[in-house]
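>>> Okay, sequence plus prediction incoming.
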Amino acid sequence: MSQVDLKERIFMALEDPKWDARTAAGIARELKIYEHQVTAVLKSNPESVRLWPFPHTNGDALYIPSSREMSTREILAIFQFNHRYY
């Protein structure tokens with residue numbers, strides 16, 4: 001599989017509307033590839049991806065396509081994170 005095909009498959013999985021956000025491990029499991037491959041593609045395309053304000057319950061980063069509008073849930077999470085120490 002070429003790097004272009006790999007990137008395309010990863011971003012198709014990331015953009016799946018049934019998920020609010022995805023972990024690299026979840027995408028890797030779905031595509032039957034290594035997690036480090038997913039992480040490398042996501043990190044090398046910062047203009048196309050953003051991080052969910054909080055990590056997954058297991059500590060893994062959660063990724064969202066930057067093309068997706070911010071959901072109410074994401075906005076509330078950012079608000080809660082920025083105001084939790086007040």
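Received the coordinates, thanks. Fair warning: this is a prediction, and the values are worked out from it, not measured in the lab.
>>> Relative to the whole chain's centre, how far out is stretch 4-13?
13 Å (CA atoms, centre = their mean, to the nearest Å).
>>> tell me which residues of it are tucked away?
Using 16 or more other CB atoms under 10 Å as the test for burial, stretch 4-13 gives 6-7, 9-11, 13. Every residue, glycine included, has its C-beta placed from N, CA and C.
>>> for residue 14, what are its contacts?
Applying CB atoms under 8 Å, 6 or more residues apart in numbering, we find residue 14 in contact with 22, 27, 42, 49, 63-65.
>>> how about those residues in CSV, adding secondary structure?
Shown next, in CSV, are those (DSSP: H, G, I helix; E, B strand; the rest coil):
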residue, secondary structure
22, strand
27, helix
42, helix
49, strand
63, strand
64, strand
65, strand
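>>> From those residues, pick the one nearest residue 73.
The shortest gap between residue 73 and any of the contacts of residue 14 belongs to residue 64, at 10.8 Å (CB to CB).
>>> Quick one: residues contacting the closest one.
14, 20-22, 49-52, 74.
>>> Which pLDDT value goes with it?
On the pLDDT scale, residue 64 is placed at 95.
>>> What residues of the helix or strand of the chain with the lowest mean pLDDT count as buried?
Comparing helices and strands within the chain by mean pLDDT, DSSP states H and E singles out helix 72-83 as the least confident, with a mean of 73. Neighbour counts over helix 72-83 (16+ other CB under 10 Å) mark 74, 77 as buried.
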